[in-house]
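Student: Based on what follows, work out the 3D shape:
(chains A and B)
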2 protein chains.
Amino acid sequence: MLTGSGLIQTLAPRIERVAGRLPRRVFVLTSAPSWALWSEVFLTSFAEPPVVLFLEPGEKFKTMGSAERLLREMARAGGDRGSLLIAFGGGIVGDVGGFLAAIFLRGIPYVQVPTTLLAQVASSVGGKTGVNLPEGKNLVGSFNHPLAVFADIGILGTLPDRELRAGLMESVKAGIIRDRALVRFMEEHVDEVLGREPKALEKVIGASIRMKASVVNRDERESGLRMILNLGHTVGHALEQATGYKTLLHGEAIGWGMIAALCIARQRGTIGNSQFERLVRLVHLYGPLPALKLKATKVVAATGGDKKNVGGVRRFVLPIGIGDAGVVEDVTPAELEAAVAYMLARAGEQKP
Amino acid sequence: MLTGSGLIQTLAPRIERVAGRLPRRVFVLTSAPSWALWSEVFLTSFAEPPVVLFLEPGEKFKTMGSAERLLREMARAGGDRGSLLIAFGGGIVGDVGGFLAAIFLRGIPYVQVPTTLLAQVASSVGGKTGVNLPEGKNLVGSFNHPLAVFADIGILGTLPDRELRAGLMESVKAGIIRDRALVRFMEEHVDEVLGREPKALEKVIGASIRMKASVVNRDERESGLRMILNLGHTVGHALEQATGYKTLLHGEAIGWGMIAALCIARQRGTIGNSQFERLVRLVHLYGPLPALKLKATKVVAATGGDKKNVGGVRRFVLPIGIGDAGVVEDVTPAELEAAVAYMLARAGEQKP
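Tutor: Reported below is the predicted structural model:
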C-alpha cells in the first residue's frame, strides 16, 4: 500500500518493481469518466499502451454479466497467464477488477489504483473482490490480494463533492469502531477535510487505512474481528437493495446504516445518550445524506439477504462506547424495526 | 482422497468427519442422469435432504451463464458461509461445482464425489475448477481444493462403455508421461479393465490418481512440472473447440491429441519408431475413438486459443521415451500441420 501524490504518472516503473518485470500484456479496467479525466496522465509512463477495458459506472453493472463480457474481451485480446490487470477507478472497478484477476485463467496478478476516497480507504485493504447477484450485494467473489495498492491523494481533487462526503463515511466508521482520536479530529476539522486540504485529507485517509489494515491483517478470512468493519452494513445493504442500487452511493447507505446501528446500541446501552448524539452528529457533519422514501417493513425484510447471516442469524455490529465495537446475533425484529423507523424519520427530515 | 466401494451410501457421516460437523445447508450439484440413477442411494445417509442443483449434461453448459443461474439458486435457497457443496457427477459437474464453491460468498467448503472414471482420475486432484468461454475451454476458474474426494469404484458399473473408454485415456496418459509399469499393465489386461473387473480397475485408477497427485503436489500453481499432465491437450482442446464441444467426450479428444503429440515426438526423435507404434496402439486398444471430419487448418488455428500459451507461444507436451515427458515451446507450424494431418488421416479410417 503506497499513499502519496503523483503515483499515477509513474505507474509503469512502480509496477515493474513489484511484479519483477512489466508484463507483455497489461489490462486496465476503468470507467469512461475516470479514463476521460486521467488517461493522458496515466499513459505517460507506459512505453506500450495497455489494453483498456471499460466498466459502465454504477452498482447495477457490478454483475456476473459484466464480468463475463470483460473476461471474453481479455481472452480475445490475447490475455495469458503472464498478463497483469490494473483496476483504475472507484470501489466497483476495484471489486470487479480483483474478481476478474482472480478467475481469468484461474488467476493473474493485479494492482489497485483507487481513484475515489471510498475505494482508497475501503476497497484497497483486505482483498475482498466480487460482483452482485439480483439476490443481494457481493454474493459472488474471491479473496484476492493485489500485488500492490497505489493510492494517489492528488486524484481526489477532481472528485465530486458528494463522492468525497460518501467516502468519508468510511473514515467516520473507522473512528467509531476503533479510533477515538480520529473521531475527535474529524469533529474538529470538518472544514479542512471537506475543503480537501492535503494535510487534513492525508491524516484522515491514513488513519482509516491503518485501522482497516490492522483489523484485516489479524483476521484474513473474516471469521471474527473483521466483522466489526461491517458497522452500518446490515441496514446499509438493505437500503441499497430496497432502492435498487440507484439512489444511494455506497458510503451514503453505510451512513444511514450506522445511524440505525447507533440507535440499537443506545437501546442496549452499549453507548450512552450523549455518545449517541455525538456520533449521529458526526455522521451528519459529513453529510448531507440523501433523503429516503421507504417503508420500514421493506427495509427490515431486505436485511434478511445479507451474506453475513450464517444459518439465518441476523448479525449486527454495534459500537461499544467510542472507539470499540462488537458483533451480536440476537437483535430482535422489534429492535430492528424501531431503529429503522428512527432512521427513516431522520431521513424524511433531509431535503430531497 | 478416498477410493473404495460403498462410499456414496455413507456420505453424510464421512462429510461430518472431514468438515467437523454436517452443515445446516448442504447443496448437491449433479446432473439429471446421475441423480436419476443414484439419488436413492445418495440420500440414505442424510437425515435432512440436501438442496439439489442440476447442471445440464454436456460441455456446452459449462458456462458463466450456468454458474450465475446456480449461484442465484444457492442464494435463494438460503445458502450462507456455513453451507457446503457436494459435486456429484462427472468432470464437468466437478469443475463447475468447485468453481461455485470458490466464488459463492467468496468461498464455501466443498467435496468431490466423482461418478465417472475420467472425473475420478482427472478432476479430483489438483483443485482446478472453472467454466469455458466462447473463446476457449477453462478460460475462467479458480484453484480450489475440495475438503475431500470420495471416489466410489462401485459407481463405475453403471457407466456407459463409451465413457469408460474415454476415461481410460487419462490412465493411458498417466502411463505415457510417468509410469512404464502402468503402460505394460494396460497393454496386458485390456479385457479385464474394459470388463470392469474390480481388481484391474482399482489398479489402473489407483495408479493414475497416484501419478497425478505426485505431480500436482510438487507443483501446485502449474508453473513447471505440472504442465506434463497436459499431454494431448493442445490439440485435444482444439478438437473440442472445432467440433463445438458436441461430438467428442473430453477423454476422446485427449486420445486424438495424444496421437498428434506422439507424432511430433517421433519426428523430433524423443521417442523411437517402435515406441511410437506401441503407444499409438495403446491409445487404440482403449478406443475406438470417434471419427473426425475436420480440416487440418481449422484444427491448427484452434490451437492458438489455448490458455497455456503464455505470450503467444504454443506449448506442447511431448513424451520422452515411455514414462517421461517434457514441455517444448518451439513446435513449428509445419510440425503441427504434419501431426494434425497424420491424426486426421487415422481419424478418417475410424468407423463413424
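
Student: Does the helix or strand where residue A:210 lies reach chain B?
Tutor: Assigned by DSSP states H and E, residue A:210 belongs to helix A:198-217. No. Applying CB under 8 Å from any CB of the partner chain, one finds helix A:198-217 out of contact with chain B, separated by at least 13.6 Å. Every C-beta, even on glycine, is put in place using the N, C-alpha and C of the backbone.

Student: so for that helix, what's the average pLDDT?
Tutor: Per-residue pLDDT values over helix A:198-217 give a mean of 86.

Student: who's in contact with residue A:149?
Tutor: Taking CB atoms under 8 Å, 6 or more residues apart in numbering or on different chains, we find residue A:149 in contact with A:1, A:2, A:111, A:112, A:113, A:114, A:124, A:125.

Student: how about the last one, secondary structure?
Tutor: Under the three-state scheme (DSSP: H, G, I helix; E, B strand; the rest coil), residue A:125 adopts coil.

Student: hang on, the earlier thing: show me which of the contacts of residue A:149 are buried.
Tutor: Among those, those scoring as buried are A:111, A:112, A:113, A:114, A:124, A:125 (criterion: 16 or more other CB atoms under 10 Å in any protein chain shown).

Student: residues in contact with stretch A:284-297?
Tutor: Contact partners of stretch A:284-297, identified using CB under 8 Å, 6+ apart, comprise A:165, A:168-169, A:172, A:186-187, A:190, A:193-194, A:239, A:242-243, A:247-248, A:252, A:255-256, A:283, A:337, A:340-341, A:344, A:347-348, A:350-352.

Student: Also stretch A:24-37?
Tutor: Residues from elsewhere that reach stretch A:24-37, judged by CB under 8 Å, 6+ apart: A:15, A:42, A:46, A:48, A:50-57, A:70, A:74, A:77-80, A:82-90, A:92-93, A:96-97, A:100, A:115, A:158, B:311.

Student: Now do the strands in the stretch 1-150 of chain A.
Tutor: A:2-4, A:26-30, A:51-54, A:84-89, A:110-114, A:128-133, A:136-143, A:148-152 (DSSP state E, counting those that start in this stretch).

Student: With mean pLDDT as added columns, please give those strands in TSV.
Tutor: Formatted as TSV, the strands of the stretch 1-150 of chain A follow (pLDDT from 0 to 100):
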stretch	mean pLDDT
strand A:2-4	75
strand A:26-30	98
strand A:51-54	98
strand A:84-89	97
strand A:110-114	94
strand A:128-133	95
strand A:136-143	95
strand A:148-152	89
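
Student: now chain A, which segments are flagged as low pLDDT?
Tutor: Under the criterion pLDDT under 70, the flagged ranges of chain A are A:122-124, A:219-223, A:305-313, A:351-352.

Student: Point out the residues in it that sit beside chain B.
Tutor: Within chain A, the positions near chain B by CB under 8 Å from any CB are A:24-25, A:64-65, A:67-68, A:71-72, A:75-76, A:78, A:80-82, A:102-107, A:128-130, A:133-136, A:138-143, A:305, A:307-312.

Student: Filter those residues down to just the buried residues.
Tutor: Listed as buried from the residues of chain A next to chain B are A:25, A:64, A:67-68, A:71-72, A:75, A:80-82, A:102-107, A:128-130, A:133, A:135-136, A:138-143, A:305, A:307-310; burial here means 16+ other CB under 10 Å.

Student: Looking at the backbone only, give me phi and psi for the residue of chain A positioned farthest from its centre.
Tutor: Here chain A reaches farthest from its C-alpha mean at residue A:47, the gap being 32.1 Å by CA atoms, centre = their mean. Backbone torsions for residue A:47, taken as degrees, to the nearest 10, come to phi -70, psi -40.

Student: Contact partners for it?
Tutor: Residue A:47 neighbours (CB under 8 Å, 6+ apart): residue A:12.

Student: just to revisit the earlier point, I'd like to know which of the strands of the stretch 1-150 of chain A is closest to residue A:267.
Tutor: Ranking these by proximity to residue A:267 (CB to CB) places strand A:136-143 first, at 26.4 Å.

Student: What count of nearby residues applies to residue A:17?
Tutor: Using other CB atoms under 10 Å in any protein chain shown as the criterion, residue A:17 is surrounded by 11 other residues.

Student: Distance of it relative to residue A:111?
Tutor: Using CB to CB, to the nearest Å, we find residue A:17 at a distance of 11 Å from residue A:111.

Student: what do you get for residue A:337?
Tutor: Distance from residue A:337 to residue A:111, by CB to CB: 44 Å.

Student: Hmm, residue A:153 and residue A:198 touching each other?
Tutor: Yes. Here residue A:198 reaches residue A:153: they are 6.5 Å apart, a contact under CB atoms under 8 Å.

Student: what is in contact with these two at once?
Tutor: Common neighbours of residue A:198 and residue A:153, counting by CB under 8 Å, 6+ apart, are residue A:5.

Student: Who has more neighbours out of the two?
Tutor: Each of residue A:198 and residue A:153 has its neighbours counted (other CB under 10 Å); residue A:153 has more, 19 against 13.

Student: which residue packs closest to that one, ignoring adjacent ones?
Tutor: residue A:5 (5.5 Å; CB to CB, 6 or more residues apart in numbering or on different chains).

Student: Can you tell me the number of residues neighbouring that neighbour?
Tutor: That count, for residue A:5 with other CB under 10 Å as the rule, works out to 14.

Student: Would you confirm that it contacts residue A:154?
Tutor: Yes. Between residue A:5 and residue A:154 there is a contact under CB under 8 Å: 4.2 Å.

Student: does residue A:246 count as helix, strand or coil?
Tutor: Applying three-state DSSP: residue A:246 is coil.

Student: burial measure for the closest residue to it other than its chain neighbours, as a count.
Tutor: Nearest residue to residue A:246, sequence neighbours excluded (CB to CB, 6+ apart): residue A:60, at 7.1 Å. Residues contacting residue A:60 under the criterion other CB under 10 Å number 13.

Student: hang on, isn't residue A:60 packed against residue A:243?
Tutor: No. Using CB under 8 Å, residue A:60 is not in contact with residue A:243; the gap is 11.2 Å.

Student: residues in contact with residue A:317?
Tutor: For residue A:317, the contact set (CB under 8 Å, 6+ apart) comprises A:177, A:227-234, A:261, A:325-327.

Student: Which residues are in contact with residue A:101?
Tutor: Each residue near residue A:101 by CB under 8 Å, 6+ apart is listed here: A:85, A:87, A:107, A:108, A:109, A:110, A:129, A:144, A:146.

Student: what is the second one paired to in the beta sheet?
Tutor: The bridge-partner assignment for residue A:87, based on DSSP bridges, gives residue A:29, residue A:112.

Student: So what's the residue count around it?
Tutor: When neighbours are defined as other CB under 10 Å, residue A:87 has 34 of them.

Student: Just list the residues touching it, thanks.
Tutor: Residue A:87 touches A:29-30, A:93-94, A:96-98, A:101, A:110-114, A:146, counting by CB under 8 Å, 6+ apart.

Student: can you pull out the helices in the stretch 151-300 of chain A?
Tutor: Secondary structure of the stretch 151-300 of chain A, counting by DSSP state H, counting those that start in this stretch: helices at A:161-178, A:180-188, A:190-194, A:198-217, A:233-242, A:250-268, A:273-285, A:296-302.

Student: Which positions within the longest one qualify as buried?
Tutor: What it means is helix A:198-217. Counting neighbours by 16+ other CB under 10 Å, helix A:198-217 gives A:200-201, A:203-212, A:215-216 as buried.

Student: likewise the third one?
Tutor: Of the residues in helix A:190-194, those buried under the neighbour-count criterion (16+ other CB under 10 Å) are A:192, A:193, A:194.

Student: separation between the residue farthest from the centre of chain A and residue A:26?
Tutor: Taking CB to CB, one finds residue A:47 at 11 Å from residue A:26.

Student: And for residue A:266?
Tutor: 51 Å.
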